[in-house]
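K.L.:
Provide a 3D model corresponding to the input given below.
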Amino acid sequence: MTRRALGNVGVAGYVLLLYGFIYLPVMTLVLFSFQEGRFPIPPFNGPSLRWYEAVFADGKLTAALTNSLVVALLSSALACLLGFLAAYGFARYRLPGAGPLKVMITAPLTVSYLIIGFGLLVTFNMAGISRSLWAVGIGHVVINTPLCFAIITVSLGEHQRNIERAARDLGASDWQVMWRVTAPMLLPSIVAAYFLSVTFSWDEFIIAFLLSRFDVTLPVEIWSLLRSGLNPKTNAVGSVVFLASVAVVLILEFVVFRRYSSRRAA
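P.N.:
Okay, here's the model as predicted:
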């Protein structure tokens, strides 16, 4: 076998090990979600949809699933809007102290969620705001706005500035330029920031645990299930979340991003 063939075999083996290391836990989770027995451990006994039926028959789990979905979608939309407005303002206007202000916006990315959660809890207690899904949503806006700001800021370049100048020369106002010119040009970055925020909000536990009370999100409900030991329903609900995430990624790839690329090529 030649040196080149050995190199190709080594690269292929490395890639297999890498993807196996990343996806083996997820594949194990999905596999044992179809386990017939009560304990999600080898040997595999199935397949069966017993635990999926149990998940959708469990009122607490379905309510937590709905809560997580609502909080993730709404808080990510607000975080994406705030991140876009901040990125546009810093990129297009000269603001006093712009450097320190940018550092302050992105600082929460380097702070532990535990510290942010405790800070929000103390702040809400001082303000008389009770723990609820609204408080969780505000907390997720706090942690996701810097992420959206960073992603969208990277996409703002000089070529967009030139197109904006042309739009102003044609009579467009600043608001029209921002919403009808800049935002469509940044659509892939905005969509990426939004769905990444949804992902982070969807499986965030610490802030949701600290700021929720009676109505909880899915990670908090799963944690309460795991307190009593291994529960095969957690495998099933985890598989539903994973498959939903994969479906969203495929829809984005084949519908949103490819359609946007084909429009730009045309």
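
K.L.:
When you work out contacts or count neighbours from here on, use the C-alpha atoms and nothing else.
P.N.:
Will do.

K.L.:
where in the stretch 1-150 of the chain is pLDDT low?
P.N.:
1, 39-42, 44, 46 (pLDDT under 70).

K.L.:
any idea where the helices of it begin and end?
P.N.:
Using DSSP state H, counting those that start in this stretch, the helices found in the stretch 1-150 of the chain span residues 3-32, 50-57, 59-92, 98-106, 113-127, 133-155.

K.L.:
most packed of the ones you listed?
P.N.:
Greatest average neighbour count among those goes to helix 133-155 (a mean of 22), per mean count of other Cα atoms under 10 Å.

K.L.:
between that helix and helix 59-92, how many degrees?
P.N.:
40 degrees (axes from the mean of the first three to the mean of the last three Cα atoms, to 10 degrees).

K.L.:
coming back round to it: among the helices of the stretch 1-150 of the chain, which is nearest residue 222?
P.N.:
helix 59-92 (8.1 Å; Cα to Cα).

K.L.:
angle of the closest one against helix 50-57?
P.N.:
Regarding helix 59-92 and helix 50-57, their directions subtend 80 degrees when assessed with the same axes, to 10 degrees.

K.L.:
Can you check what angle separates helix 59-92 from helix 98-106?
P.N.:
Going by the same axes, to 10 degrees, helix 59-92 makes 170 degrees with helix 98-106.

K.L.:
Give me the helices and strands touching helix 59-92, please.
P.N.:
Helices and strands in packing contact with helix 59-92 are listed as helix 50-57, helix 133-155, helix 187-202, helix 218-226; criterion 3 or more Cα pairs under 8 Å, 6 or more residues apart in numbering; DSSP states H and E.

K.L.:
Of the helices of the stretch 1-150 of the chain, give the one that comes closest to residue 167.
P.N.:
Residue 167 lies closest, by Cα to Cα, to one member of the helices of the stretch 1-150 of the chain: helix 59-92, at 14.4 Å.
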